[in-house]
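In: Mind looking at a prediction? Sequence and model below.
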Amino acid sequence: MEKIKNIWLRFVGFCRNNGVSLSAKVYFVDALGAMAQGLFCSLLIGTILDTLGSQLGIGALTATVFTLNDVGYTVGKCCSLLAGPAMAVAIGNSLKAPPLVLYSLIPVGFATNQIGGAGGPLAVFVTACIACEIGKLVSKKTKIDILVTPLVTVLCGVGLAALVAAPIGTAASAVGNLIMWATEQQPFVMGIVVSVVVGICLTLPISSAAICAALSLTGLAGGAAVAGCCANMVGFAVLSFKENRWGGLVSQGLGTSMLQMGNIIKNPRIWIPR
């Protein structure tokens, strides 16, 4: 037992000497909060731009910037396409990744988000954290660091994504099955369940938009889903106005309540309806 303890202490010391903290706060508060900001600056900003372009008829926002695989991308869709890399880089930055590790997280985030589907954001969180920390362990340890660090970071990140991203996506989609079950119940019960579940999905690091799109929620179920989203977004925006002022009100009210995930981890009671 003493030998195992000594090995563990040496491992912890080695990690700390290389900037790996192994702290729950660093991962589940700092990194998760940073990931939410990365998501806001990509997917959510893209959605806002597309909505403004279509609703207000702004040609610059509805024009195709480039075509990829016969699919035209507007400015907003460009932002949404790069949600994975944005989240991964945001996580790496919060973990104080060296430059080569940070830049190597771009392909890791893109691959993970594409494989993860509805669970893309959560999968990116897992793979980016692990790939970043492994990259930090080898960073600047060899004379060919510019080759070794990106290779290790990318291979570890994408390899891990191939193993866990799809199962995480399946688990996230299972939440969608719960919503589908709710839509088959009595309207009153269904409305409550769908509203609560979709509101929770919106705040958790999974893609509520992907889940709702896959289920084609319309009519009463769609209305209940919108109500749940509004309750979380507007509710958190108003409740945190004293601390976050107008910036928090706009970013949460128009963007996403996922920005509160770090605070929810620290104090889950703030999610309890008042």
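Out: Thanks, I have it.

In: By mean pLDDT, point me to the weakest helix or strand of the chain.
Out: helix 208-215 (a mean of 60; mean pLDDT, DSSP states H and E).

In: Okay, now the unreliable bits of the protein?
Out: 1, 175-180, 182-183, 205-219, 254-255, 273-274 (pLDDT under 70).

In: Report the next helix or strand after the lengthiest helix in the chain in sequence order.
Out: When the chain is parsed with DSSP state H, its longest helix is helix 145-183. Counting by DSSP states H and E, the next helix or strand C-terminal to helix 145-183 is helix 187-203.

In: May I have that following helix exported as CSV, CA atoms only?
Out: Extracted in CSV, the C-alpha atoms of helix 187-203 (Å, rounded to 0.1, in the frame of the first residue of the first chain):
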residue,chain,number,x,y,z
PRO,A,187,-50.5,17.0,-23.2
PHE,A,188,-50.3,18.5,-19.8
VAL,A,189,-47.7,16.0,-18.5
MET,A,190,-45.9,16.1,-21.9
GLY,A,191,-45.6,19.9,-21.9
ILE,A,192,-44.0,19.9,-18.4
VAL,A,193,-41.6,17.0,-19.1
VAL,A,194,-40.5,18.3,-22.6
SER,A,195,-40.0,21.8,-21.3
VAL,A,196,-37.9,20.7,-18.3
VAL,A,197,-35.8,18.2,-20.3
VAL,A,198,-35.1,20.5,-23.2
GLY,A,199,-34.2,23.3,-20.8
ILE,A,200,-31.8,21.1,-19.0
CYS,A,201,-30.3,19.9,-22.4
LEU,A,202,-29.8,23.5,-23.4
THR,A,203,-27.7,24.2,-20.2
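
In: helices or strands up against it?
Out: helix 145-183, helix 208-215, helix 219-239 (3 or more CB pairs under 8 Å, 6 or more residues apart in numbering; DSSP states H and E). No exception for glycine: its C-beta is placed from N, CA and C like everyone else's.

In: May I see the ones you listed organised as TSV, with mean neighbour count and distance to Asn113 added?
Out: Converted to TSV, those look like this (neighbours: other CB atoms under 10 Å; distance: least, CB to CB, whole Å):
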stretch	mean neighbour count	distance to Asn113
helix 145-183	18	8
helix 208-215	20	10
helix 219-239	19	21
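
In: can I get those in CSV with distance to Thr112?
Out: Output for those, formatted as CSV (distance: least, CB to CB, whole Å):
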stretch, distance to Thr112
helix 145-183, 4
helix 208-215, 14
helix 219-239, 25
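
In: Quick check: which of these is nearest to Gly191?
Out: helix 219-239 (4.3 Å; CB to CB).

In: got the contact list for the nearest residue to Ala227 once chain neighbours are set aside?
Out: The shortest distance from Ala227 to any residue other than its chain neighbours is 4.8 Å, reached at Ser195 (CB to CB, 6 or more residues apart in numbering). Contacts for Ser195 (CB atoms under 8 Å, 6 or more residues apart in numbering) come out as 224-225, 227-228, 231.

In: Tell me the buried residues in stretch 53-62?
Out: The neighbour-count check on stretch 53-62 (16 or more other CB atoms under 10 Å) flags 53, 61-62 as buried.

In: can those residues go into TSV with extra columns for distance to Tyr103?
Out: Formatted as TSV, the buried residues of stretch 53-62 follow (distance: CB to CB, whole Å):
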residue	distance to Tyr103
Gly53	31
Leu61	29
Thr62	32
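
In: Just give me the closest of these to Ile146.
Out: Ile146 lies nearest to Leu61 out of the buried residues of stretch 53-62, by CB to CB, at 39.0 Å.

In: The closest one: which element?
Out: helix 59-62.

In: Give the next helix or strand downstream of that helix.
Out: strand 66-68.

In: so Lys96 sits in a strand?
Out: No - going by DSSP: H, G, I helix; E, B strand; the rest coil, the assignment for Lys96 is coil, not a strand.

In: Can you get me a residue count around it?
Out: Residues near Lys96, counting by other CB atoms under 10 Å, number 15.

In: How about the one 4 residues further on?
Out: A count of nearby residues for Leu100, using other CB under 10 Å, gives 19.
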